[in-house]
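> 3D, please:
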Amino acid sequence: MKYTKFFSAFSVLLISFAVCSCGSKTYSLKDGTFSGEGEGRNGTVEVSVTITGGKVTNAEILNENETDGIADNAKIQIINQFIEEGSTKNIDVVSGATITSNALLDALDAALAKSKNENPIETSYSDTECDIAIIGAGGAGLTAATEAASKGAKVIVLEKMNFVGGNSNFSTGGINAAYTKEQERLGIKDSKEVFFNDTMKGGKFLNDPDLVHKLVDESAGIIEWLQSPLIGADLSDVGMFGGATNKRIHRPQGGSAIGAHLVPLLHKAALAQGADIRLKNKVIDIIEENGNPCGVRVSYAGGEYTVRAKAIIIATGGFGANPNLVVFYQAALKGFGTTNQRGATGDAFPMVEKFNAELVQMEQIQTHPT
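Numbers count the residues shown, from 1 in each chain. The predicted structure is shown next:
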């Protein structure tokens, strides 16, 4: 567990999901073969699109490094539907492969734009202000954005990747909680004391007891919040996972992956409450005045700008995908691979040094969250 006492993100869940379809435009096309690129789970996805007689006649993937098996259906379905329809307008993402799907849709749109000699119009940003700036649009950032915006705060969420959800997109487990309505409905007996002891034992008693009590005591409220009309999650399947004495892991009916279920719901809810979510906007520094944080500096394709904020929530996640930082804190992990998504690079840690933020247990690194 890594946290700073100076900046406390309102994150209680590691959840995973999808981004809405990028479905796009209709073009007046000129003949030829054109390439396009999109950013996938494991890097750039490159496609080629062939136009004959002003219509799409073929499309193929030239280069990609997406996960075998998981992404295969998305690659086949999207390419075939695109060839049939000639645009991405009505193509939805494939469940379980959202990031790959969006990368393909982006790449196909980029190729179509080239066939018309168009350059995609990038959104332009300028200096602005808000109540709360949230760095990171993973499960924690989207949760914080939804709750804050629902209370009337002006919220700007800044995400360096081209998709929301972070590592939460790949979470296949569920959410541990005790004394929930779902447990009561199913006749499951549990206790906060047993939940606490299970969690401490699972963490080899390195856990901060105060934080574990916080997790345990408020866990039922987390489930109710996610099941409320604000989010609308299905967490009606309660089962037993490793390390638990009783059935307490809450997940969608049938035991399907929690991340793929929750991320799109949180994304939709944050937008519905008025949160401004900006993808491909990377925070490069936290601005300091008189020793206090007062905003962030942001870099995007069009340049840089400043967001001044009354409060900043850091929800950037860990650094399992940054091998240099992993080795810096835990030399024994040199050479390890990782299943962390590419954006888990620990960007925020250097930013909080100027505030003397207290970092704890940095050597406890989860290289394989999936």
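> any weak-confidence spans in the chain?
1-28, 119-121 (pLDDT under 70).
> where along the stretch 1-150 of the chain do the helices fall?
72-85, 98-115, 139-150 (DSSP state H, counting those that start in this stretch).
> TSV please, covering these and showing mean neighbour count and distance to residue 191.
From N, CA and C alone the C-beta is placed, and that goes for glycine too. Shown next, in TSV, are these (neighbours: other C-beta atoms under 10 Å; distance: least, C-beta to C-beta, whole Å):
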stretch	mean neighbour count	distance to residue 191
helix 72-85	17	42
helix 98-115	26	37
helix 139-150	26	26
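> Tabulate those helices (CSV), appending distance to residue 47.
Listed next are these as CSV, based on distance: least, C-beta to C-beta, whole Å:
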stretch, distance to residue 47
helix 72-85, 8
helix 98-115, 4
helix 139-150, 29
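> Now the residue nearest to residue 126 when sequence neighbours are not counted: which helix or strand?
In space, and not counting its chain neighbours, residue 126 is closest to residue 305: 5.5 Å by C-beta to C-beta, 6 or more residues apart in numbering. Assessed by DSSP states H and E, residue 305 sits inside strand 303-314.
> now do residue 196
helix 192-202.
> For the stretch 251-370 of the chain, just list every one of the helices.
258-272, 323-329, 348-351.
> So for the second one, what gets flagged as buried?
Just to be clear, that refers to helix 323-329. Neighbour-count burial for helix 323-329, counted by 16 or more other C-beta atoms under 10 Å, picks out 323, 325, 326, 329.
> So the third one sits against residue 365, correct?
Yes - taking C-beta atoms under 8 Å as the contact criterion, residue 326 and residue 365 are neighbours in contact, 5.7 Å apart.
> Could you pull up the residues touching the closest residue to residue 348 other than its chain neighbours?
Spatial nearest neighbour of residue 348, excluding adjacent residues (C-beta to C-beta, 6+ apart): residue 316 at 4.3 Å. Applying C-beta atoms under 8 Å, 6 or more residues apart in numbering to residue 316 gives the contacts 135, 136, 346, 347, 348.
> Quick check: neighbours shared by residue 326 and residue 365?
With C-beta under 8 Å, 6+ apart, residue 326 and residue 365 have common neighbours 319, 320, 333.
> returning to that earlier point: of all the helices of the stretch 1-150 of the chain, which one comes closest to residue 226?
Of all the helices of the stretch 1-150 of the chain, it is helix 139-150 that lies closest to residue 226, at 8.8 Å by C-beta to C-beta.
> and residue 162, helix, strand or coil?
coil (DSSP: H, G, I helix; E, B strand; the rest coil).
> domain assignment for the chain?
32-115, 122-172+258-370, 173-256 (automatic domain parsing).
> now the residue sitting furthest away from the middle of the chain: how far from residue 105?
The outermost residue of the chain relative to its centre, with distances by C-alpha atoms, centre = their mean, is residue 53 at 40.7 Å. Distance, residue 53 to residue 105, by C-beta to C-beta, to the nearest Å: 24 Å.
> all strands of this structure, in order?
32-39, 44-52, 55-63, 128-135, 155-159, 175-176, 237-239, 249-251, 276-279, 282-289, 292-300, 303-314 (DSSP state E).
> ok, and what's touching the longest one?
With C-beta under 8 Å, 6+ apart as the contact definition, strand 303-314 has outside contacts at 4, 7-10, 125-136, 141, 144, 148, 156, 158, 284, 286-287, 293-298, 348, 352.
> So in that sheet, which strands flank it, and in what orientation?
Using DSSP bridges, strand 303-314 pairs in its sheet with strand 128-135 (parallel), strand 292-300 (antiparallel).
> Appreciated, that's everything.
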